[in-house]
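Trainee: I would like to see how this sequence folds:
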Amino acid sequence: MKPKLLWKSALGVGGVAAAVVVAATTVTAGPGSLTISNVATANTRSDGYAPASRLATELRGIVQAQGSMRVENPGTTTSYYGYANDILNAAGEPQMVATPTIANEATKTEPDKNTYLVFKDGLPGADPTYDYGTHFLFQGHEAGAAGQGMITRVNLDADAAHRVTVLATQDVNGKPITTIDGSTWDPFAQRLLFTTESASKPTYAATPGFPSKVEDVSGALGQGGYEGIQDDGDGNIWIVEDIGGALKPGTTAKIPNSYLYRYVPAHKGDLQNGKLQVLQVVNASGTPITAATQTAPNSPDQLALHTYGSSFKTKWVTVHDTAVDGTAPFNANLAASAHDGTPFKRPENGNFRPDGSFTQFVFDETGDTNATSIENDTAGGWGSLWQLTQASPSAGAGSLSILYKGDQTHAGFDNTTFLSKDELLVVEDAGDTLHGQRNALDSGWLFDLGANFAGGAQPVRWLAEGRDPSATIDAANNGFGHNDMDNEITGVHVSNGDPTANGILGAKAPDIFRAGWRWFYTEQHGDNRTYEIVPRTSNATGATG
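Mentor: Below you'll find the model as predicted:
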């Protein structure tokens, strides 16, 4: 890695940063020695302004699917990858752009977390006569008309007519699928797992073929504000929750209200029988850090947790056991609180360090996403990165330490994925309010967590997110009452698509653009484009491996 430059902030009125220079200039990522140069600045935000996204010099993006792409099997609720059929024009197509005669838009379905898989024998689609190839990208959709969700599959080897398949809009009992956030592949269960970011909605398991068999597994895994979800080598399932807490009195700082969970199945792949556990962090006096100990602004526990060089003992506490508590769906957030779990400020995603041991779990904290929070610089308001270290993935105890405290330039961390053994990709979801306060749209960051990493070491910006014209129109019209506004980076995902246990994220170090390793992300909201990142010098339409 080339030398870093120290980052310095220039604070303006009210602590809002003026123009800034990020710390690092380049990073050399992965065994293939890919160099990623820093994108110097974020895109600014202003009325009517639709700047293009900017990638690091060495990278380029290929659109593999976008919202206006017609699916191969249109139905009553949706006919396009990113639009519901709730508001139609005179031709019966979704109203994708407001007009003088129709001052509204169809609901944008917002494809979210990407999961890439390779099935050497292929998978069936809606057309039984068509060969869909072997490379597939799966998504749940975070929005939908009247709460209707769906699961889609982008068939990366297919032609335009067969490019996107709607795998399911209902579960096996005929109930409409609710809107979905996170996803992963469980090789032991041979199922895709989908989270719904709601303490009253199902957690799903789904087959990858068409039509997908979708089952509610929240009798064992629970219902929560679940977002990130990952397997480990022992067959446990790690779940990261995102439920914003109430505001602390007289402030815009939020009470931590989101937990880190581990589901321990009765046996590998069992999604019906097992224990759900919550992470409990213990302070220096041996007392569990709970919501109650973090209610006051800048509470001692919060300040200590967010201090570089600190380390806290952790243990896993069982909050639900199907053998004792039964298999009815349950509210995991309430159970975690009742068992003195330790909440954080909206953690959204996490990944194992990819060395095959599954002993280091790195997860983020989105924070308060408001430049006026009094806890921004002190207690995680800007967002954070954490590392949980254990002797094994099934160990009952471990230790927690903070890797990085965000600042106004690096804030609102959301999806994460490892690009190599040491390089972690982190993307922002700072939100419309913070975009305006800091006059900067979201960015994608690359953190080098290698041997020379020290708490606070600054990342390289690999993506300065833009704002497409559709999102700019939404921003000017409050989303027409039902659509999000500024574009958001989501679903950043690096995988070789191996559907066996050897392909679990964390089992091996990625070798990006080699040996089948591919890199995806979605520019959510607006046109809802899903990109594959390839080398700038590549002439391929995707590194299929």
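Trainee: Would you mind listing where the stretch 151-300 of the chain has pLDDT under the threshold?
Mentor: Nowhere does the stretch 151-300 of the chain drop to pLDDT under 70.
Trainee: pretty sure A205 belongs to a strand, no?
Mentor: Yes - membership of A205 in a strand is supported by DSSP: H, G, I helix; E, B strand; the rest coil.
Trainee: Specify the beta-bridge partners of it.
Mentor: Beta-bridge pairing for A205 (DSSP bridges): L193, E215.
Trainee: Hmm, it is touching G219, no?
Mentor: No - look at A205 against G219 with Cβ atoms under 8 Å: they stay out of range, at 11.4 Å. C-betas here are computed from N, CA, C, even on glycine.
Trainee: When the two are compared, which one has more neighbours?
Mentor: Ranked by neighbour count (other Cβ atoms under 10 Å), A205 and G219 place A205 first, with 23 against 20.
Trainee: what separates that one from I504, distance-wise?
Mentor: Noted for A205: a distance of 16 Å to I504, by Cβ to Cβ, to the nearest Å.
Trainee: With T78 instead?
Mentor: Using Cβ to Cβ, we find T78 at a distance of 31 Å from I504.
Trainee: Figure out the helix or strand that W238 lives in.
Mentor: Take DSSP states H and E as the rule and W238 turns out to sit in strand 237-241.
Trainee: Only C-alpha atoms, please: export that strand in PDB.
Mentor: What follows is strand 237-241, C-alpha atoms only, in PDB (Å, rounded to 0.1, in the frame of the first residue of the first chain):
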ATOM      1  CA  ILE A 237     -26.100 -17.600  10.900                       C
ATOM      2  CA  TRP A 238     -25.100 -14.100  12.000                       C
ATOM      3  CA  ILE A 239     -27.700 -11.300  11.800                       C
ATOM      4  CA  VAL A 240     -27.100  -7.600  12.000                       C
ATOM      5  CA  GLU A 241     -30.100  -5.500  13.100                       C
END
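Trainee: Which neighbouring elements make contact with it?
Mentor: In this structure, strand 237-241 packs against strand 226-231, strand 260-265, with contacts taken as 3 or more Cβ pairs under 8 Å, 6 or more residues apart in numbering; DSSP states H and E.
Trainee: ok, then the element right after the helix or strand hosting L425?
Mentor: Assigned by DSSP H and E, L425 belongs to strand 423-428. Later in the chain than strand 423-428, the nearest helix or strand by DSSP H and E is helix 431-438.
Trainee: Enumerate every residue touching the residue nearest to the spatial centre of the chain.
Mentor: Among the residues of the chain, the one closest to the centroid is N415, at 3.1 Å (Cα atoms, centre = their mean). By Cβ atoms under 8 Å, 6 or more residues apart in numbering, the contact set of N415 is K113, G228, E348, N349, V426, V427, I489, T490, G491, V492, H493, Y521.
Trainee: need the contact list for I229.
Mentor: When contacts are counted by Cβ under 8 Å, 6+ apart, I229 touches G182, S183, T184, L193, T195, I237, W238, I239, V240.
Trainee: from those, which is closest to P128?
Mentor: If you rank the contacts of I229 by distance to P128 using Cβ to Cβ, S183 comes first, at 25.8 Å.
Trainee: Buried ones in whichever strand or helix holds Y531, by neighbour count?
Mentor: Using DSSP H and E, Y531 sits within strand 529-535. Under the neighbour-count criterion of 16 or more other Cβ atoms under 10 Å, strand 529-535 has R529, T530, Y531, E532, I533, V534 buried.
Trainee: so the third one sits right up against Q524, yeah?
Mentor: Pointing back at Y531 there. No - with contacts defined as Cβ under 8 Å, Y531 does not count as touching Q524, sitting 11.2 Å away.
Trainee: quick one: the helices in the protein?
Mentor: Taking DSSP state H as the criterion, the chain carries its helices at 300-305, 322-325, 332-338, 431-438, 469-476.
Trainee: Please identify which of those is closest to T26.
Mentor: Judged by Cβ to Cβ, the one of those that comes nearest to T26 is helix 431-438, at 24.6 Å.
Trainee: now that closest one against strand 423-428, angle please.
Mentor: Counting by axes from the mean of the first three to the mean of the last three Cα atoms, to 10 degrees, helix 431-438 lies at 90 degrees to strand 423-428.
Trainee: How far does helix 431-438 sit from its chain's centre?
Mentor: Distance of helix 431-438 from the chain centroid (Cα atoms, centre = their mean, to the nearest Å) equals 19 Å.
Trainee: Repeat that for stretch 507-520.
Mentor: Relative to its chain's centre, stretch 507-520 lies at 19 Å (Cα atoms, centre = their mean).
Trainee: now do stretch 208-228
Mentor: Counting by Cα atoms, centre = their mean, stretch 208-228 comes out at 16 Å from the chain centroid.
Trainee: ditto for stretch 416-433
Mentor: 9 Å.
Trainee: ditto for stretch 454-462
Mentor: Computed by Cα atoms, centre = their mean, the chain-centroid distance of stretch 454-462 equals 19 Å.
Trainee: Endpoints of it, how far apart?
Mentor: With Cα to Cα, to the nearest Å applied, stretch 454-462 spans 20 Å between its terminal residues.
Trainee: and if you look at stretch 323-343?
Mentor: Stretch 323-343 has an end-to-end distance of 26 Å (Cα to Cα).
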